[in-house]
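Student: Just a sequence and a predicted model for now, questions to come.
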Protein chains: 2
Amino acid sequence: MDFDITQGIAVLERTPGTLHAMLHDLGVAWIDATEGPETWSPHVIVGHLLHGERANWIPRARFILSQSTSRRLPPYDRFAHLHESQGKSLSVLLDEFGRLRAENLATLAAWGLTDTELALAGEHPEFGTVTLRQLLATWVVHDLGHIAQTVRVMAKQYRDAIGPWRAYLPIVDR
Amino acid sequence: MDFDITQGIAVLERTPGTLHAMLHDLGVAWIDATEGPETWSPHVIVGHLLHGERANWIPRARFILSQSTSRRLPPYDRFAHLHESQGKSLSVLLDEFGRLRAENLATLAAWGLTDTELALAGEHPEFGTVTLRQLLATWVVHDLGHIAQTVRVMAKQYRDAIGPWRAYLPIVDR
């Protein structure tokens, strides 16, 4: 389906509540679990989403809207959160994520983007031309992808515990 | 990790709230979306989870605990919900799921299962011997798998809308 700003915001505004319902006050056996060395735990994933609220989506959208002479999008470090969220409890990260997401969606709504503005483009360092519409659709899918990753990490902890049902539950082998 | 009943319940009790946060009052473009013919929408997935509360997990656990002479687990129709939830709004299904899940977890807690009971076995029609511990671990992973499915179905609706970012977001091609 085509990206629609109202439908997109409807998903984006639900992500903090979804992660809160899923993870808040859950034990460390779940929230610090990973899929192996150099992979992310639910705790780290929330830190990554929080970092995106500060450094990725709205700053990049603002950059495209500004149509500066250099159309090259500012670089974005996808691993910066690994430092930034260190030492912060999941509860703190969830709260900060909820607050920043709400602020960012208020900013987005206040822009009242037109179709013409959604069609504005910037230069992605790797992909070349990308539109504001594509960036905002990507924000939605990025949320959904990390929710899927969070539950996959948790599910894998029971890969052996489920015995023969593993044949019916591909999530533990993904 | 080994199945632990307290840790398992911690995940199971969060699923209704997670799905409510994710889907309640979301538009039909998302909740009725599918991955193609014969695949499930978020609405249908919630109906399936609701049906499992009635017909699958606790009835099968009770059957194993009873150690009846026929140890063969009663058959379970994984597609029964396709009829049962027809004509019910997602809001109704989410409420029923939350209520039944809470009742079922109260039943499970009241049993106060010992390690000896968790090691009791039944005969699965396809897999042969399965233990109560494996059944309960499977309940947890089954929840997580369907949460992952729900967000994957939604993410795929924007497969084209994200343009070149598709290369970074494998969820839309899973």
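Tutor: Okay, I see it. Worth saying up front: this structure is predicted, and the values here are computed from it rather than measured.
Student: okay, CA-based contacts and neighbour counts for the rest of this
Tutor: Fine.
Student: okay, the residue nearest to the spatial centre of chain A: pLDDT?
Tutor: Central residue of chain A (CA atoms, centre = their mean): residue A:143, 3.8 Å from the mean position. For residue A:143, the pLDDT comes out at 98.
Student: pretty sure it contacts residue A:16?
Tutor: No: Residue A:143 lies out of contact with residue A:16 (CA atoms under 8 Å); the separation is 9.6 Å.
Student: Assumed the residue nearest to the centre of chain A was part of a helix.
Tutor: Yes: remark: residue A:143 belongs to a helix, assigned using DSSP: H, G, I helix; E, B strand; the rest coil.
Student: got a list of what it touches?
Tutor: Residues near residue A:143 by CA atoms under 8 Å, 6 or more residues apart in numbering or on different chains: A:12, A:15, A:49.
Student: any idea how far it lies from residue B:35?
Tutor: Separation of residue A:143 from residue B:35 (CA to CA, to the nearest Å): 18 Å.
Student: Low-confidence stretches in chain A?
Tutor: Residue ranges of chain A with pLDDT under 70: A:78, A:81-84.
Student: all helices of it, in order?
Tutor: For chain A, the helices defined by DSSP state H cover A:5-12, A:15-23, A:28-31, A:42-55, A:57-66, A:81-84, A:90-111, A:115-118, A:132-156.
Student: thinking again about what came up before, and the contacts of residue A:143, which are buried?
Tutor: Among the contacts of residue A:143, those buried by neighbour count (16 or more other CA atoms under 10 Å in any protein chain shown) are A:12, A:15, A:49.
Student: Turn these into a markdown table, including distance to residue A:59.
Tutor: Below are these laid out as a markdown table (distance: CA to CA, whole Å):
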| residue | distance to residue A:59 |
| --- | --- |
| A:12 | 16 |
| A:15 | 19 |
| A:49 | 14 |
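Student: Closest one of these to residue B:147?
Tutor: Residue B:147 lies nearest to residue A:15 out of the buried ones among the contacts of residue A:143, by CA to CA, at 13.0 Å.
Student: out of the contacts of residue A:143, who's near chain B?
Tutor: Among the contacts of residue A:143, the residues within reach of chain B (CA under 8 Å from any CA of the partner chain) are residue A:15.
Student: with the contacts of residue A:143 in mind, which one is nearest to residue B:5?
Tutor: residue A:15 (27.8 Å).
Student: surely the closest one meets residue B:22?
Tutor: Yes: Residue A:15 sits in contact with residue B:22 when judged by CA under 8 Å, with a separation of 6.9 Å.
Student: mind checking how far residue A:129 is from residue B:85?
Tutor: 45 Å.
Student: okay, those two: which has more neighbours?
Tutor: With neighbours defined as other CA atoms under 10 Å in any protein chain shown, residue A:129 and residue B:85 compare such that residue B:85 has more, 20 against 16.
Student: quick one: that one from residue A:44, how far?
Tutor: Distance of residue B:85 to residue A:44, computed by CA to CA: 37 Å.
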